[in-house]
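**Q** my questions are about this predicted structure, shown below with the sequence.
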Amino acid sequence: MSRELRLPSLGADMDAGTLVEWRVRPGSRVRKGEVMALVETDKGIIDLECFEDSTVERLLVEPGTRVAVGTALALLAGEAAPATQVGSGAEVTAPAVRASPAARVRARVLGVALEGLAGTGLGGAVTLEDVERVARTAAAVPVAGKAAGLRAAIAAAMSRSKREIPHYYVQLTIDFGPAAAWLGAYNAHRPPLERLLPAVLLLKATATAAREFPAFNGFYTAQGFESAAVVNLGVAIALRGGGVVAPALLDADRKPLAQLMPELQGLVERARRGHLRSGEAASATLTVTSLGEEGADAVLPVIHPPQVAMIGFGSVLERPWVVDGRIEVRPVLGASLAADHRVTDGRQGAQFLARIRDGLSKPEAL
Amino acid sequence: MTGSLESRVLALLTEVAPDVDAALVLPDVDFREQFDFDSMDVYNFAVAIHRALGIDVPERDYRELSSLSRCVAYLERARIARTSSSST
Amino acid sequence: MSEARTTTTYREALREALRAALRADERVFLMGEDVGRYGGSFAVSKGLLAEFGEERVRDTPLSESAFVGAGIGAALGGLRPIVEIMTCNFSLLALDQILNNAATLCHMSGGQFPVPLVIRMSTGAGRQLAAQHSHSFEGWYAHIPGLRILAPATLADARGMLGSALHCPDPVLIFEHIALLTLEGELAAEAGDVDIRHAAVRRTGRDITVVTYGASLHKCLEAASELGREGIELEVIDLRTLRPLDDETIMGSVRRTHRLLVVDEGWRSGSLAAEVGMRAVEQAFFELDAPIARVCTEEVPVPYPRHLEDAALPSVARIAAEARRLVSRVP
């Protein structure tokens, strides 16, 4: 019983990828989660993981080949029916971009993302000229090749977001005192490797709250909103030299802090090396961005489609804070929510943020 | 002695941030300014220092790791403190 | 260095080609209905009987199957026959000879029996000859392996293709468009054989590749002039040889312009235009920046009334409109 390993969409803005290298051969036995191939995308090289235990029958695509999302890459033999990754973004395909074949080729060469481009050709198709115009505009800002591709991908995804998603925003200032104190005590008697970063608390608190507020955790597609069965928490990771990617911490709500920390560390490292795994590249069901270290009070995020919400955290800053009618100096944190008004309303948004605050007020329970 | 400590620190720095060119590191400028260092980088740096030099930098001293000269000076003090405490 | 040129017509160039061929090689002879005494249904062979005699210019009975078969036999026997079929619709009466004998014998005999036969026939509409005499069957014949199909659209090709065809070891069908017979122009005095392997770029331009042949070439060139004034540049390719197709010239142009318009007087379905378009999809898909477009004859038996016939055939206006559409931009 053979079935096909197909190239998944590793992001709403991805419609093709280049197979860089096979890590398996015909006859190889691979276990779920094992890396089968490396695929190059705008987000860098992504490790394509096996979705279930199988044996490789035949490889169908040569290294160096650029293939469209959905193309069969290999034939696998195994027991179960072809599985899709539960709750992952892999099965959410981007709406087809109407572009001429020549425009697609040119866009690839120039590192221009077609998604979100306004086409001027027949039927509104993106033409060669459209791609070259965008490339000329982009070229005015000197960005290196890879970065230009990533920048174009971000531009496309964010443009789509602002075009399609009616955002609303809710903000809440959170007393970070209890969390900071708990964290300080936790880290004080542990070696550097076992210490936690504040970000881990923020992520865990968000993931836990998301489980209780499923309307903020899932995908909005042509069929409408569907909440995800798991919480794969996207983490916005700034790359040195510009650009940001948001791979996911899988099942973030179910993992203890001591497990989330090394996973976050690994995720950041892979993102910065441009070497994400397919399972984490596009499976985020809700994303968090934290600009805490730049000294910003708060951040109003732009939702990454097809997700329906994004949480932003500003810096932890010492501020006057009223406690029992008296003013105290406390570390406070500006939390914000950007959410899709097609799915939720401000009241739910405020409740969601409040739930995150409550989680941070009892860090020992996270 | 300081020279060799500095080169070891530089090696750890480039291990944590492979895109940093050791030859171009400005000793007195914050890593954050020079290479967009963030808390994850500082965490990795502290882990690497602990592993390679055996020095456990407590979290409250992480700010001492913010630039090359500051870091080298701090680690030098830490080493002397450790040596003197172990000899008594 | 100025070349001596004479003013002539397509019809005279065809006749001159016949005359030169009959003069050049004793094995060459012309046969067909009314080619002798009457001078050919379209007066192409007028005067040749007197000049070359009944042995070399032979009137035949009204049986296409018989005289095409005789031509095949003569070619097998070592002669170089030129068979004229009045209009291409009559060639259907000889289709078995052409398809099953002329096209196959060389291949079925392992190369022992080549059939160096040339068949000339008129093709096309535009002269109010109604549904039974206005066909364009060159696309059909271009379907058949073993044949070489030529479509002269210019005076030089009308003058030169016959001689080249006679040098070809395979059966060659030459489709002479009736609307071009009166085409006038200058021709070099020493014009002779021409290359019959390649298409010709008749006008260069950077915006759209227009592939055509035969009488449609002149409509395309007229449309190109009109659009040139609007800043739209058509590159007009005259296929000349419809089988085998010169893919290299077509795709080379498509790679420059990224747009393809095929203009073909045949009916659209299953047409030569369909073949050219499909080859572009196969060979230059990733170069295409717009859908491939076609201007063909409307899918009706060609009407007799002038205004309906004009409406059915590819026209300068339709070609220009289609070209404008291909480069149009939505705001």
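**A** Now that the structure is in, tell me what you want to look at. Numbering: from 1, shown residues only, chains lettered A, B, ... in the order given.
**Q** give me the pLDDT for residue 302.
**A** Picked chain A for this. Looking at A:Val302, its pLDDT stands at 95.
**Q** hm, I was asking about chain C
**A** In this model, C:Val302 is scored at 96, pLDDT.
**Q** that one and A:Val170, how far apart?
**A** Applying CB to CB, to the nearest Å, the value for C:Val302 to A:Val170 is 72 Å. Every C-beta, even on glycine, is put in place using the N, C-alpha and C of the backbone.
**Q** so between the two, which is more surrounded?
**A** For C:Val302 and A:Val170, the more surrounded residue by other CB atoms under 10 Å in any protein chain shown is C:Val302, and the numbers stand at 24 against 20.
**Q** the more buried one against C:Asp310, yeah?
**A** No - counting by CB atoms under 8 Å, C:Val302 stays clear of C:Asp310, with 10.6 Å between them.
**Q** burial of residue 46, as a residue count?
**A** The chain I'm using is chain A. A total of 29 residues lie near A:Ile46 under the criterion other CB under 10 Å.
**Q** please refer instead to chain C.
**A** Neighbour count for C:Lys46, taken as other CB under 10 Å: 15.
**Q** ditto for A:Leu353
**A** The number of residues packed around A:Leu353, counting by other CB under 10 Å, is 22.
**Q** got a list of what the closest residue to it other than its chain neighbours touches?
**A** Here the nearest residue to A:Leu353 in space, its sequence neighbours aside, is A:Leu172; by CB to CB, 6 or more residues apart in numbering or on different chains that works out to 4.4 Å. For A:Leu172, the residues meeting the contact criterion (CB atoms under 8 Å, 6 or more residues apart in numbering or on different chains) are A:Gly334, A:Ala335, A:Ser336, A:Ala350, A:Leu353, A:Ala354, A:Arg357.
**Q** tell me the one among these nearest to chain C.
**A** Chain C has its nearest neighbour among these in A:Ser336, at 37.1 Å by CB to the nearest CB.
**Q** helix/strand/coil for that closest one?
**A** Secondary structure, DSSP: H, G, I helix; E, B strand; the rest coil: A:Ser336 is strand.
**Q** is it correct that it is in contact with A:Val302?
**A** No - if you go by CB under 8 Å, A:Ser336 and A:Val302 don't touch, sitting 11.7 Å apart.
**Q** out of the two, which sits in the more crowded spot?
**A** A:Ser336 (22 against 18).
**Q** tell me what that one is bridged to.
**A** Beta bridges link A:Ser336 to A:Gln171, A:Gly312 when assigned by DSSP bridges.
**Q** dump the residue contacts of it.
**A** Counting by CB under 8 Å, 6+ apart, A:Ser336 makes contact with A:169-172, A:298-301, A:311-314, A:353.
**Q** just the buried positions in the longest helix along chain C, please.
**A** Ranked by number of residues, the top helix in chain C under DSSP state H is helix C:10-24. Along helix C:10-24, the positions that meet the burial threshold by neighbour count (16 or more other CB atoms under 10 Å in any protein chain shown) are C:Tyr10, C:Arg11, C:Glu12, C:Ala13, C:Leu14, C:Arg15, C:Glu16, C:Ala17, C:Leu18, C:Ala20, C:Ala21, C:Leu22.
**Q** show me which of these is closest to chain B.
**A** Nearest to chain B among the buried residues of helix C:10-24: C:Tyr10, at 71.8 Å, using CB to the nearest CB.
**Q** which helix or which strand is home to B:Val42?
**A** Following DSSP states H and E, the helix or strand that holds B:Val42 is helix B:39-53.
**Q** for the stretch 1-150 of chain A, what are the low-confidence residue spans?
**A** Within the stretch 1-150 of chain A, the ranges that satisfy pLDDT under 70 run A:1, A:12-13, A:79-96, A:111, A:137-147.
**Q** would you map the helices across it?
**A** Using DSSP state H, counting those that start in this stretch, the helices of the stretch 1-150 of chain A run over A:101-110, A:128-140, A:145-164.
**Q** chain B: which of these is closest?
**A** Of all the helices of the stretch 1-150 of chain A, helix A:145-164 sits nearest to chain B, with 12.0 Å by CB to the nearest CB.
**Q** so what touches that closest one?
**A** Judged by CB under 8 Å, 6+ apart, the contacts made with helix A:145-164 from elsewhere in the structure are A:11-14, A:42-44, A:111-117, A:134, A:138, A:143, A:167, A:239, A:241-245, A:274, A:302-305.
**Q** still on that earlier bit, which one of the buried residues of helix C:10-24 is nearest to C:Gly277?
**A** The shortest distance between C:Gly277 and any of the buried residues of helix C:10-24, using CB to CB, involves C:Tyr10 and amounts to 28.3 Å.
**Q** just the pLDDT for that closest one.
**A** We have a pLDDT of 97 for C:Tyr10.
**Q** same thing with A:Gly359?
**A** The predicted local confidence for A:Gly359 comes out at a pLDDT of 95.
**Q** that one sits in which helix or strand?
**A** Of the helices and strands defined by DSSP H and E, A:Gly359 is found in helix A:346-361.
**Q** what count of nearby residues applies to residue 9?
**A** Reading this off chain A. With neighbours defined by other CB under 10 Å, the count for A:Ser9 comes to 23.
**Q** let me rephrase: I mean chain B.
**A** Look at B:Val9: counted by other CB under 10 Å, it has 22 neighbours.
**Q** quick one, what contacts it?
**A** B:Val9 makes contact with B:Ile49, B:Leu68, B:Cys71, B:Val72, B:Leu75 under the criterion CB under 8 Å, 6+ apart.
**Q** what two of these are the furthest from one another?
**A** Comparing all pairs in the contacts of B:Val9 by CB to CB, the longest separation belongs to B:Ile49 and B:Leu68, at 12.8 Å.
**Q** between those two, point out the one with more neighbours.
**A** Higher neighbour count among B:Ile49 and B:Leu68: B:Ile49, with 24 against 21, using other CB under 10 Å.
**Q** which residue comes closest to the more buried one once chain neighbours are left out?
**A** In this structure, B:Ile49 finds its nearest non-sequential neighbour in B:Ile55, 5.6 Å apart by CB to CB, 6+ apart.
**Q** okay, now the closest residue to chain A within chain B: neighbour count?
**A** With distances taken as CB to the nearest CB, chain B approaches chain A most closely at B:Ala46, which sits 4.1 Å away. Residues lying near B:Ala46 (other CB under 10 Å) number 24.
**Q** ok, now the one 5 residues further on?
**A** B:Arg51: 14 surrounding residues under other CB under 10 Å.
**Q** which residues are in contact with it?
**A** Residues counted as contacts of B:Arg51 (CB under 8 Å, 6+ apart) are A:Leu193.
**Q** check A:Leu260 too.
**A** With contacts defined as CB under 8 Å, 6+ apart, the neighbours of A:Leu260 are A:Val200, A:Leu203, A:Lys204, A:Leu249, A:Ala252.
**Q** okay, it: pLDDT?
**A** Per-residue confidence at A:Leu260 stands at 94 (pLDDT).
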